[in-house]
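Q: Predicted model and sequence below, questions to follow.
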Amino acid sequence: MDTRLALAVGLVVGLIVGAAGGAAAGAALIPTQSVSSPSFSTSAGTGCVSNPATGGWVGQVPNGETRTVALNFTFTHDVTDVNVRANLTEPSPGHYRFTVEVAPGDGAKGQPPADCTPRTTFDALVSLPGDFRTVTVVLDGAVVTQVEHPEDSFATFRTLSGNYSVAVDEDGASRLDSS
């Protein structure tokens, strides 16, 4: 009987020590800071299609003390190789401007085939303070959409409609044609 009791006590002590050690290790792996606000992350994918669709969607989701704006839009361009860059500024308190600029790439992709229209899909997540008032999304100088702080705390999503097409000059200039 003493052997069984010693084994049971050893098992219970092992479980308690293991759980405490696991909890301490897990707590050490949890980040102590969250994403700073305002901030953003982006991704872009360029391809070649014969019948390009443009447009996209925008949404916003409450996230504790911040608000996350999710953005997706697709635009066409006249050259195959482009670089897409973004910047977030606050021109006046609570009003943000998310600017997306398109510039020619290094030309390594060559010219598009005759039956192809180069197209880029752009995705962004923008973290804003929870009390932001507006964020205006701009693609090469033209306003794509403006997101206003909602009256409630629910997530909201809507589609973006438009024919977004960017003309990229060889000298690096570009302009948006949103018909």
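A: Structure received. Residues are numbered from 1 along each chain as shown.
Q: can you pull out the helices in this structure?
A: For the chain, the helices defined by DSSP state H occupy 2-29.
Q: how about low-confidence regions in it?
A: Counting by pLDDT under 70, the ranges of the chain that qualify are 1-35, 169-179.
Q: Break it down into its structural domains.
A: Each domain of the chain is listed here as a residue range: 1-30, 39-178, per automatic domain parsing.
Q: Point out the most buried one among the ones you listed.
A: domain 39-178 (a mean of 16; mean count of other CB atoms under 10 Å). Placement of C-beta: from N, CA and C, glycine included.
Q: Please verify my assumption that Asp140 contacts Phe122.
A: No: counting by CB atoms under 8 Å, no contact exists between Asp140 and Phe122, whose distance comes to 11.6 Å.
Q: between these two, what contacts are shared?
A: Common contact partners of Asp140 and Phe122 (CB atoms under 8 Å, 6 or more residues apart in numbering): Val100.
Q: And the strands in the chain?
A: 39-49, 55-63, 66-77, 82-92, 95-104, 117-129, 134-139, 142-148, 156-160, 164-168, 174-178 (DSSP state E).
Q: Include distance to Gln111 when you put those into CSV, please.
A: CSV is the format used below for the strands of the chain (distance: least, CB to CB, whole Å):
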stretch, distance to Gln111
strand 39-49, 11
strand 55-63, 26
strand 66-77, 13
strand 82-92, 13
strand 95-104, 12
strand 117-129, 10
strand 134-139, 23
strand 142-148, 26
strand 156-160, 29
strand 164-168, 13
strand 174-178, 17
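Q: Okay, now stretch 40-60: how far is its last residue from its first?
A: 13 Å (CA to CA, to the nearest Å).
Q: my bad, should have said stretch 156-166
A: For stretch 156-166, the first-to-last residue distance is 28 Å (CA to CA).
Q: try stretch 86-97
A: 10 Å.
Q: Test my guess that Ala167 contacts His77.
A: Yes: shown here, Ala167 and His77 form a contact pair, counting by CB under 8 Å, at 7.3 Å.
Q: Next, work out how far apart Lys109 and Val100 are.
A: Counting by CB to CB, to the nearest Å, the gap from Lys109 to Val100 is 20 Å.
Q: If you could redo that for Val144, that was the one I meant.
A: Shown here: Val144 relative to Val100, a distance of 8 Å by CB to CB.
Q: Overlap in contacts, the two.
A: Here Val144 and Val100 have Val137, Val138 as joint contacts, going by CB under 8 Å, 6+ apart.
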